[in-house]
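> A structural model of the following input is requested.
(2 chains)
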Amino acid sequence: MRKLIVPLCAALTAAAVLAGCGNGKGQQPAPAAAENAAKEETEAAQEQAEPVQTEKTKLTFLRVGTEPERKAYWESSVALFMEANPDIEIEYQECGYGDDFETKLNTGFASGTAPDIINFTMASMGTRVPLGQYACLDEYAAAWEGRDDFMENALTLGSVGDSLYGIAVFPDPRILIYNKELFVEAGLDPDAPPTNWEELLEYHKKLVKKEGDNVVQTGFGLPTSGTNMQHYLSVFIEENGVKNLVDEETHEVLCNTPEAIEAAEFLKEIADAGVIRWDSNNSDQNPFASGLAAMTLGNTTDFHNWNEGAVAGKIAMASPLTHERQATFCGMGFMFMSGETPHKDEVWRFIEFIASAEEMWRRYEELGVTPMRESLRERYVAENPESNGIIYESINCGTGSPKVAYANSVYNAVNDAMERVMYDVEDPETALNTAAGEIQKEIDNQ
Amino acid sequence: MTEQQPVKKSRRSNGKVYDNCAYAMIFPAYFVFAVFILIPIGVVFYYSITNFNMYSKPELVGAANYLNLIGDGDFLISVRNTLFYTVFTLFPQLALGLLAAVLLYRKSKLLPVFRTAFYLPNVMSMVCISMVWLWIYDPTFGVLNMVLRTFGVSTKQWLQDPDMAMFCIILMSIWKSCGYSMVIFLSGLTSIPDSLYEAASLDGANPVRKFIHITWPMLRPTTFFLLVTGIVNSFSVFEQVNIMTGGGPLKMTTTIVHQIYRRGFLEFKMGYASAMSVVLLAFSILVTMFVFRYGSKGQDVDVS
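Residues are numbered from 1 along each chain as shown, chains lettered A, B, ... in the order given. Here you go, the predicted structure:
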């Protein structure tokens, strides 16, 4: 008896552990499979006898960010969509920006549990499209009534080569935002924000306040570390005539061109005049939000949030600065279809719903998000000619992240370089040349 | 009284005796260990000699990943930082834990309160603790700078200062872990016979001499245990670094596990990250062996 019990125990344990390891799809213990087969036969017999309601298609939707107001919007959108499409059920999920989201998505794709619908940034296309994680939308877009009405620049930014992969939902231009109250205190005209580099530096110096060696108020709030340093550099190199950090088409590294180095030197000059050090990974540390910086770069969501916090009613937007040309960094939040989803038609129906004119306007009314359809443009600008005009201007002149497979390496190299510049470890030329060398190495390894 | 049945044992051809039932009893634990630890370690070894990127079929690259590690400045910095963190966290944590244990090893109604207070940080999630200390270190609204301002001292950029960031993380880690050391030391103290202290008192020994000649030698096994587990834990430091500094500024706080995470999960270089993991494993084993070889002397104190 003992001889029988021992292997039986071992077999049961092994079966229990392996069953726990299974993904639940296509792995059923023998008795369960037999039970299911019998159940299916009964259901088939019932189907012949009476009409059966079609089973719902279940989709998972993962969006980047955890802002409560956006969560409320997305949950109401999902509810509206499901009400209009009773055959589809969508499970809403969200995850914070940055490394957390990247990790969640990576592990999802690696384990075969990736979400069907993804709301993520333009920057992600460079790495995820070549891996087949985002599905091409050309087939669906060809028959889409909204294509001709959609903002052309948004469609271009959502494309890799000639193929469309993402439908824009959240334009994310970096806008110059300033604190009118601090301008008045410093004797500056609150209705005349800087328009070029020279004015920015001049205003910055007037706005810096020090107690001993400590900077207690700064003019232009510039981060000294963190993963957003490259956005700040991008804005200034583009204003100085550089196309991007790298050329997407020719894969030429542009972050160490003389114009890019000049832009980094300008940022260093601002830092040397006095900045409050902060890590852009921790947005809570942003001195602008607490009234300790008079100017900074932010997106429309930042503006909205800051305008409800410590600097409420004191802040305003300004047009992008001009140096060689007027430019800014313009990120974009997109809807992507997972390359692995078996429910592509249903996913497209949801994306199409989110990109409809009605939903766009609802997004504007609830979140202040710029509509991306030409037919809504005039109505949008008319709502608030001062701010909305600037936002449109910023989107039009904005360039986004380079959509290349080695994009993460570009960001890391540039962020590291700018951190070394800000901490006086290297001069801008040396730091950006080092970054360019690292990026070139990645390009050669592709 | 029933006669106890002798345990039935089988005899192998080589004459060794083994017990089927005993093997069955330990099988679940070993099976889980094999599936969730041993096999993954083997898989990591395999990935470390490939260019695995999580999504495409891995191709063998030989020792290329290991050779690249030698020239990887970020990895070498992370090794230095991890060693620095280990040394400056572990020893103060053990010293403070021992001090707290000795001070709290007496009879008083308030002692449970103090013991609980010291141990409480250890049971809290490292993520929550890191968030709390992030606020404490905040340069504008942080408690630390508020205290400095109150005393008229100039404020500090705690986590933004390359010279201070690692010490800030170390301070938080010591605060969190010294309660654990205290509890283990307390259990060690309870095993020291009172007769030794009584004899020492009769000989006129003061508390310091009692500590040096009785308490400390008798706590060597406890200290050794804490040292070995502390080294292994310190080598795997990650959460607080990722949350509080992200490895910066200027990579002054990046650690080996932080680099593994970045390379593997953010840059898709899983093969390269696996090579780092293998090096970390080898390093942990080597250091542990070294401690076992030279640090475990004097554990056989005879108190009979």
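
> tell me the confidence at residue 35?
By default, I'm working from chain A. Confidence at A:Glu35, expressed as pLDDT, is 50.

> chain B, not that one
Per-residue pLDDT puts B:Val35 at 94.

> also B:Asp300?
55.

> ditto for B:Val143
As predicted, B:Val143 sits at a pLDDT of 93.

> tell me the contacts of residue 84?
Using chain A here. Residues in contact with A:Ala84 (CB atoms under 8 Å, 6 or more residues apart in numbering or on different chains) are A:Phe353. (Each C-beta comes from the backbone N, C-alpha and C, glycine too.)

> that was the other one, I meant chain B.
B:Met166.

> just B:Thr82 next, same as before
Listed by CB under 8 Å, 6+ apart, the contact set of B:Thr82 reads B:234-235, B:237, B:255-256.

> distance check, it against chain A.
19 Å (CB to the nearest CB, to the nearest Å).

> output the below-cut-off pLDDT ranges for chain B.
Where chain B drops to pLDDT under 70, the residues are B:1-17, B:295-304.

> hmm, try it at 80
B:1-18, B:54-56, B:106-109, B:294-304 (pLDDT under 80).

> residue numbers of it in contact with chain A?
Applying CB under 8 Å from any CB of the partner chain, we find that chain B lies next to chain A at B:8, B:20-21, B:23-24, B:27-28, B:31-32, B:35, B:54-56, B:134, B:138-141, B:154-155, B:157, B:159-162, B:242, B:245-246, B:248-251, B:261, B:265-268.

> buried among the residues you listed? Make that a ChimeraX selection.
The following ChimeraX line selects those of these that are buried, judged by 16 or more other CB atoms under 10 Å in any protein chain shown:
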select /B:24,27,28,31,54,134,138,139,140,155,157,159,160,161,162,242,245,246,248,249,250,251,261,265,266,267,268
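
> from B:Ser187, how far out is the residue nearest to A:Ile276 when sequence neighbours are not counted?
The spatially closest residue to A:Ile276, leaving aside those adjacent along the chain, is A:Pro287, at 4.4 Å (CB to CB, 6 or more residues apart in numbering or on different chains). In this view, A:Pro287 and B:Ser187 are 49 Å apart by CB to CB, to the nearest Å.

> with B:Phe33 instead?
B:Phe33 is 26 Å from B:Ser187, where distance means CB to CB.

> ok, now which ones touch A:Glu89?
A:56-59, A:82 are the contacts of A:Glu89 under CB under 8 Å, 6+ apart.

> with those in mind, which one is nearest to B:Leu60?
A:Leu59 (38.6 Å; CB to CB).

> what's the closest non-adjacent residue to that closest one?
Closest residue to A:Leu59 apart from its sequence neighbours, by CB to CB, 6+ apart: A:Asp116 at 4.3 Å.

> ok, back up a step: between A:Pro287 and B:Ser187, which has more neighbouring residues?
Using other CB atoms under 10 Å in any protein chain shown as the criterion, A:Pro287 and B:Ser187 rank with A:Pro287 on top: 23 against 11.

> give the phi and psi angles for that one, as a check.
Dihedral angles of A:Pro287 (phi, psi; degrees, to the nearest 10) stand at phi -70, psi -20.

> quick check, it in contact with A:Trp306.
No: checked against CB atoms under 8 Å, the pair A:Pro287 and A:Trp306 is beyond contact range at 11.4 Å.

> who touches B:Gln240 in this structure?
Each residue near B:Gln240 by CB under 8 Å, 6+ apart is listed here: B:126, B:129-130, B:133, B:169, B:172-173.

> what's the closest of those residues to chain A?
Chain A lies nearest to B:Ser130 out of those, by CB to the nearest CB, at 11.4 Å.

> check which helix or strand that closest one maps to.
Using DSSP states H and E, B:Ser130 sits within helix B:126-136.

> just the buried positions in that helix, please.
Those would be B:126, B:129-130, B:133-134, B:136, for helix B:126-136 by 16+ other CB under 10 Å.

> swap in stretch A:144-163?
For stretch A:144-163, using 16+ other CB under 10 Å, the buried residues are A:144, A:146, A:150-151, A:153-155, A:157-160.

> what about the longest strand along chain A and chain B, any contact?
Criterion DSSP state E: the longest strand present in chain A is strand A:328-337. No: in terms of CB under 8 Å from any CB, no part of strand A:328-337 sits within range of chain B; the closest distance is 15.9 Å.

> got the buried residues for the helix or strand that comes right after that strand?
Next along the chain after strand A:328-337, taking DSSP H and E as the criterion, comes helix A:344-354. Across helix A:344-354, burial judged by 16+ other CB under 10 Å covers A:344, A:346-354.

> same check, this time on stretch A:92-101
Quick answer for stretch A:92-101 (16+ other CB under 10 Å): A:92, A:94-95, A:97-99, A:101.
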